[in-house]
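Participant: Provided below for reference: sequence and predicted model.
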Amino acid sequence: MTPFATDPLFDEISFTVVLGDGRRLKIPLRCFPRLAAATPGQRDGFRISASGAGLHWDALDEDISVAGLLRGQMDENVR
């Protein structure tokens, strides 16, 4: 079964994606510069895909897949 996102939670330096199986993935915001530069209101403007396999922020043009996070994938512009 593919893990699915239920909720992203933010603090000043990271975001945590809560998965349906109870796991939590904590990711530094620096890995996703658009999220790092966003206001708290913009970060709250996400939607979870119907399958739960990804997160999307229309206002930020940001898409993050759960599978990518589990592989340690980050924004392609981060080195």
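Facilitator: Structure's in. What do you need?
Participant: leaving out chain neighbours, which residue sits closest to D7?
Facilitator: The shortest distance from D7 to any non-neighbouring residue, by CB to CB, 6 or more residues apart in numbering, is to V18 (4.8 Å). To be clear about C-beta, it is placed using only N, CA and C from the backbone, and glycine gets the same treatment.
Participant: the one you found should be in a helix, yeah?
Facilitator: No - per DSSP: H, G, I helix; E, B strand; the rest coil, V18 lies outside any helix segment and is strand.
Participant: direction included, what does the lowest-mean-pLDDT helix or strand in the chain pair against?
Facilitator: The weakest-scoring helix or strand in the chain, judged by mean pLDDT, DSSP states H and E, is strand 5-10 (a mean of 90). Sheet pairing for strand 5-10, assigned by DSSP bridges, gives strand 14-19 (antiparallel).
Participant: what about the strands in this protein?
Facilitator: For the chain, applying DSSP state E gives strands covering 5-10, 14-19, 24-28, 46-48, 54-57, 62-65.
Participant: among those, which is nearest R34?
Facilitator: Of all the strands of the chain, strand 62-65 sits nearest to R34, with 4.8 Å by CB to CB.
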